[in-house]
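Visitor: could you work out the structure for the sequence below:
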Amino acid sequence: MKNCLFQPANQPKIIEAVNQKLSLRKLMQSGETNTIQNRINGLEKANANLMAYLEQGRATETILRSVEKNEQELQQLKQQLDALDNPISAVNDATYQEIVQKFTNYMCTERSPEAAALKEAVLRDIQIGKETITVNFQHGVFIDEETKAYFNDNRKELAS
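Guide: Have a look, this model is predicted:
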């Protein structure tokens, strides 16, 4: 499955698709960033107004609680903003190889319904004979000639 999905001909397509998703995520993050920044600005303005009341000697328990509540929310929002400000880097060849390795490890070890669904979407069946194993893929899964030759050559080597 790894050889079919991650064959060299598919690498540019996969990198492009992942980078498109990352670009979309960046766009979504910019909207989230604006929303959070607007909320921060509003809380800071509210606190400035509340502090003006305190400076005028109008300190009430309600004002003090409001300032404290706003400060807690400001701290949380600033942490969220810091997390969103971390750059999302594009996928390059090295990152692509990491993705392939993680995918391989995931598919070999993960027993989740998601992994099973992915396997079912790609594999039609696996037939185990005395000396051969035949893997049948679902219609639409492209196998290049190099991959076919690789498996056929290995089968011939094992037979001899």
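Visitor: identify the residues contacting stretch 72-88?
Guide: Residues from elsewhere that reach stretch 72-88 (Cβ atoms under 8 Å, 6 or more residues apart in numbering): 22, 25-26, 29, 32-33, 36-37, 39-40, 43-44, 47. The C-beta positions use only the backbone N, C-alpha and C, and glycine is treated the same way.
Visitor: can you name the next helix or strand after the lengthiest helix in the chain?
Guide: If you go by DSSP state H, the chain has its longest helix at helix 11-55. Later in the chain than helix 11-55, the nearest helix or strand by DSSP states H and E is helix 61-85.
Visitor: could you export the following helix or strand past that next one as CSV, CA atoms only?
Guide: Following helix 61-85 in sequence order, the next helix or strand is helix 93-109 (DSSP H and E). What follows is helix 93-109, C-alpha atoms only, in CSV (Å, rounded to 0.1, in the frame of the first residue of the first chain):
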residue,chain,number,x,y,z
ASP,A,93,11.0,16.7,0.5
ALA,A,94,12.4,16.0,4.0
THR,A,95,8.9,16.6,5.5
TYR,A,96,7.4,14.4,2.9
GLN,A,97,9.7,11.5,3.9
GLU,A,98,8.7,12.0,7.5
ILE,A,99,5.0,11.8,6.5
VAL,A,100,5.7,8.6,4.6
GLN,A,101,7.5,7.0,7.6
LYS,A,102,4.7,8.1,10.0
PHE,A,103,2.1,6.8,7.7
THR,A,104,3.9,3.4,7.4
ASN,A,105,4.2,3.1,11.2
TYR,A,106,0.6,4.1,11.6
MET,A,107,-0.8,1.6,9.1
CYS,A,108,1.4,-1.2,10.6
THR,A,109,0.6,-0.6,14.2
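Visitor: does anything pack onto helix 93-109? Which helices or strands?
Guide: Identification of packing neighbours for helix 93-109 by 3 or more Cβ pairs under 8 Å, 6 or more residues apart in numbering; DSSP states H and E yields helix 2-5, helix 11-55, helix 113-122.
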